[in-house]
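K.L.:
Would you be able to build a 3D model of this:
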Amino acid sequence: MTFGFIRVLFILLSTVVGFQLGGAFSSVADAWGLIGAGIGFGVSAAVIGFEQILGKVSLRGLSAAVFGLIFALIVSQFLSNAIDLIPDLDVGLASAFKLVLVLIISYLGMVLAMRGRDEFNLIIPYIKFDRQDQKDTIMILDTSVIIDGRILDICQTKFLEGRFIIPRFVLKELQQVADSQDSLKRVRGRRGLDILNKLRKNTHVGVKIHEEDFPEVTSVDEKLVKLAKVLGAKVLTNDFNLNKVAEFQGVTILNINELANSLRPVVLPGEALAVHLVKEGKEHDQAIAYLEDGTMVVVDNAKRAIGTDQKVTVTSVLQTAAGRMIFAKLESDGKQG
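P.N.:
Prediction:
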């Protein structure tokens, strides 16, 4: 049953009820029945219009506003009782004071509650009841990790458990990339959408689109960090800048690149490797090779052997922020020495 069907049914029922109520003033054939039907139609249309406006307000913001209003009404009641204690105060003037007081405090309560809605973690429906025997991990996916695609392979190995959250603003950014005029970006965006569809079919993880947005925040990275704080979630990414910003604000980051680096085989000095030399290195007489995981191997005095398979001996291993580099020499040079 769609929202459209419900709205049409509501308008029809309201029109019929209005006709019946209008006809109650006189006979059914009288003009009052038509007037009542028109009023019923107009009121139902106004209610649906108001419902459409409320649809643009986040449920968390609306909950915060209601909480602020309830709190303001309680405070207003106490202050109204205090006004009643003032001796010889005119009844009409006291009522006016109470009305103005209720309006001002209600307005301030709603505004202050909505401004600080991110701190209202105990507002229904944002109460989180954690089971002691089961911890449900919530992970928010950003655009880069979806386009990267390796998250799908990790899920298929069953190493990850929990719920994946795809924010609506991330999905929107992904769609913009898929519709880009740049052919490379367009291919990457469509790949990301394909990855999402495959993730939703994966039975090992749950994937949910989250509608929460933060209109006052322009940056997608800042929105991700803010949403992670609200939901108590982790952010799954391979974006280096987002990694640093989120960690600084106390949000747990799961970085796919860091995971890939930690899973690379350990290579120790003195170990022998079989590599294929593909190009010249930066320094004199160096050659470059790559392991299957993409690790660069720099081989000294091997320029002459570019384009061939060689056995090399590891001399040192350098770990940098960009990854790992292995320095080696030709095994034949060692034997000659």
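K.L.:
Do a quick rundown of the helices in the stretch 151-300 of the chain.
P.N.:
Per DSSP state H, counting those that start in this stretch, the stretch 151-300 of the chain has helices spanning 168-178, 183-201, 220-231, 240-248, 256-262. These are given in chain order.
K.L.:
Return the alpha-carbon coordinates of the first one using CSV.
P.N.:
The C-alpha coordinates for helix 168-178 follow below in CSV (Å, rounded to 0.1, in the frame of the first residue of the first chain):
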residue,chain,number,x,y,z
ARG,A,168,21.3,9.2,1.9
PHE,A,169,23.8,12.0,1.3
VAL,A,170,26.5,9.4,0.4
LEU,A,171,24.1,7.7,-2.0
LYS,A,172,23.4,11.1,-3.6
GLU,A,173,27.1,11.8,-4.0
LEU,A,174,27.5,8.4,-5.6
GLN,A,175,24.7,9.0,-8.0
GLN,A,176,26.3,12.4,-8.9
VAL,A,177,29.6,10.6,-9.7
ALA,A,178,27.7,8.0,-11.8
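K.L.:
Report the buried residues of it.
P.N.:
When burial is assessed from 16 or more other C-beta atoms under 10 Å, helix 168-178 yields the following buried residues: 169-171, 173-174, 177-178. Heads up, the C-betas are built off the backbone N, CA and C, glycines and all.
K.L.:
Check the helices of the stretch 151-300 of the chain for me and report the most buried one.
P.N.:
Most buried of those by mean neighbour count (mean count of other C-beta atoms under 10 Å) is helix 220-231; its value is a mean of 20.
K.L.:
mean confidence score for that helix?
P.N.:
Per-residue pLDDT values over helix 220-231 give a mean of 84.
K.L.:
Tell me, please, where in the stretch 51-200 of the chain the pLDDT is lower than the cut-off.
P.N.:
Counting by pLDDT under 70, the low-confidence segments of the stretch 51-200 of the chain come to 54-61, 115-136.
K.L.:
how does it look with 50?
P.N.:
Within the stretch 51-200 of the chain, the ranges that satisfy pLDDT under 50 run 121-134.
K.L.:
Run through who's touching stretch 215-223.
P.N.:
Contacts made with stretch 215-223 from outside it, assessed by C-beta atoms under 8 Å, 6 or more residues apart in numbering, are listed as 142-143, 167, 169-170, 173, 213-214, 226, 239, 241-242, 245-246.
K.L.:
possible to save these as a markdown table with distance to L101?
P.N.:
Listed next are the contacts of stretch 215-223 as a markdown table, based on distance: C-beta to C-beta, whole Å:
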| residue | distance to L101 |
| --- | --- |
| D142 | 47 |
| T143 | 49 |
| P167 | 41 |
| F169 | 40 |
| V170 | 45 |
| E173 | 46 |
| D213 | 35 |
| F214 | 33 |
| K226 | 35 |
| D239 | 50 |
| N241 | 49 |
| L242 | 47 |
| V245 | 44 |
| A246 | 44 |
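K.L.:
Tell me which two in these are the farthest apart.
P.N.:
D213 and N241 (21.3 Å; C-beta to C-beta).
K.L.:
quick revisit: now the helices of the stretch 151-300 of the chain as a markdown table including distance to A46?
P.N.:
As requested, those are exported to a markdown table (distance: least, C-beta to C-beta, whole Å):
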| stretch | distance to A46 |
| --- | --- |
| helix 168-178 | 28 |
| helix 183-201 | 38 |
| helix 220-231 | 33 |
| helix 240-248 | 44 |
| helix 256-262 | 50 |
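K.L.:
Tell me which of those helices lies nearest to G92.
P.N.:
Nearest of the helices of the stretch 151-300 of the chain to G92, taken as C-beta to C-beta: helix 220-231 at 46.7 Å.
K.L.:
so how far is the closest one from its chain's centroid?
P.N.:
Its chain's C-alpha centre and that of helix 220-231 lie 6 Å apart, by C-alpha atoms, centre = their mean, to the nearest Å.
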